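Asker: A structural model of the following input is requested.
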Amino acid sequence: MAFVMWASDFVTMQGERTVYTVQCQDGTWIGQSCSGRLAAGARYRFRALRAHGEVLFWTVGERERSGRFTGCEIADGRNWHCAASTDASGTIASEMRHGTAVPGGNRATKPFHAVAKWRWFLLRWGVPAGHSANN
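Answerer: Modelled structure (predicted):
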């Protein structure tokens, strides 16, 4: 049971959420489908600080500096929305809804395709895990 909860991201750090992205290798994206093969991409982590109205973000395992959104409306770590920011180009989303990063909420963010944590780990280990992303 604990493994299932971990694999589904049911249990996370308070106010923190990770988005597992994928890339389309040897093909192109057609909506949510990759005409080639999926490969594990970057992991983007977000930490909502409700008391400060801020969301911190960074790319897991990368040396690039972290970023910060200010003036955010935060219900909890899974539901928040932030205004445009110069830091937005360093991440994939400026809004999280029901624990899911919302693409295109801020035109300055990076485009992305995401999958569930368990699929991302299968791809990272070289195990084929389909051709479609969640968004």
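
Asker: Neighbouring strands - and their directions - for the strand of greatest length in the chain?
Answerer: Counting residues, the longest strand found in the chain (DSSP state E) is strand 37-49. Using DSSP bridges, the strands paired with strand 37-49 are strand 16-25 (antiparallel), strand 54-59 (antiparallel).

Asker: Can I get these in a markdown table including distance to Ser94 and mean neighbour count?
Answerer: The C-beta positions use only the backbone N, C-alpha and C, and glycine is treated the same way. A markdown table is the format used below for these (distance: least, Cβ to Cβ, whole Å; neighbours: other Cβ atoms under 10 Å):
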| stretch | distance to Ser94 | mean neighbour count |
| --- | --- | --- |
| strand 16-25 | 12 | 20 |
| strand 54-59 | 8 | 21 |
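
Asker: Just the pLDDT at the residue positioned nearest the centre of the chain, thanks.
Answerer: Centroid check for the chain by Cα atoms, centre = their mean gives Val19 as the closest residue, at 2.3 Å. For Val19, the pLDDT comes out at 95.

Asker: contacting residues around it?
Answerer: Residues near Val19 by Cβ atoms under 8 Å, 6 or more residues apart in numbering: 43-46, 92-93, 101, 112, 114.

Asker: One more pass at 10 Å, please.
Answerer: By Cβ atoms under 10 Å, 6 or more residues apart in numbering, the residues touching Val19 are 9, 41-46, 57, 60, 91-93, 96, 99-101, 112, 114-115, 117, 120, 134-135.

Asker: how about the CA coordinates for the longest strand of the chain, as CSV?
Answerer: Extracted as CSV, the C-alpha positions of strand 37-49 are listed here (Å, rounded to 0.1, in the frame of the first residue of the first chain):
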residue,chain,number,x,y,z
ARG,A,37,9.4,6.9,-28.1
LEU,A,38,8.9,8.6,-24.8
ALA,A,39,12.0,9.4,-22.6
ALA,A,40,12.1,10.7,-19.1
GLY,A,41,12.6,14.5,-19.0
ALA,A,42,13.2,17.0,-16.3
ARG,A,43,11.4,17.0,-12.9
TYR,A,44,10.1,20.3,-11.9
ARG,A,45,9.4,20.9,-8.2
PHE,A,46,7.1,23.6,-6.7
ARG,A,47,6.8,24.6,-3.1
ALA,A,48,3.9,26.8,-2.1
LEU,A,49,4.4,29.1,0.8
